[in-house]
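Novice: Here's a sequence, model it:
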Amino acid sequence: ITKIVSNIPNLEFLNLSSNQLSDAVLEPDCAKAFSSIRRLVLNNTQVSWDTVHTFTQEMP
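Specialist: Numbers count the residues shown, from 1 in each chain. Presented below is the predicted three-dimensional model:
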C-alpha cells in the first residue's frame, strides 16, 4: 500500500475497508508516503489498535 500511495502525492482520502490488513507491517517510510492523507478509512480491516496508534504517531 505504501508503494502505491507514495506514487500519488496529492491523495487526501484513502478507503482500505474490507481489506485483510491484520498482518500488515508498517514500513519505515510510511509516514512520508501518507503525509497528504487527511482521511483514512480502515473499517473491517482487522488492523489492531496498537498498529493504528503507531501509525498515527508516525504521521506528520
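
Novice: what's the offset of stretch 32-44 from the middle of its chain?
Specialist: In terms of CA atoms, centre = their mean, to the nearest Å, the centre of stretch 32-44 is found 5 Å from the chain centre.

Novice: so how far is the first residue of it from its last?
Specialist: From its first residue to its last, stretch 32-44 covers 25 Å (CA to CA, to the nearest Å).

Novice: Surely residue 39 is in contact with residue 14?
Specialist: Yes: using CB atoms under 8 Å, residue 39 makes contact with residue 14 at a distance of 7.3 Å. Bear in mind the C-beta positions are built from the backbone N, C-alpha and C, glycine included.

Novice: higher neighbour count, those two?
Specialist: Remark: of residue 39 and residue 14, residue 14 carries more neighbours, 17 against 8, as counted by other CB atoms under 10 Å.

Novice: so the more buried one sits in a strand?
Specialist: Yes: counting by DSSP: H, G, I helix; E, B strand; the rest coil, residue 14 is part of a strand.

Novice: For it, give the beta-bridge partners.
Specialist: Using DSSP bridges, the bridge partners assigned to residue 14 are residue 40.
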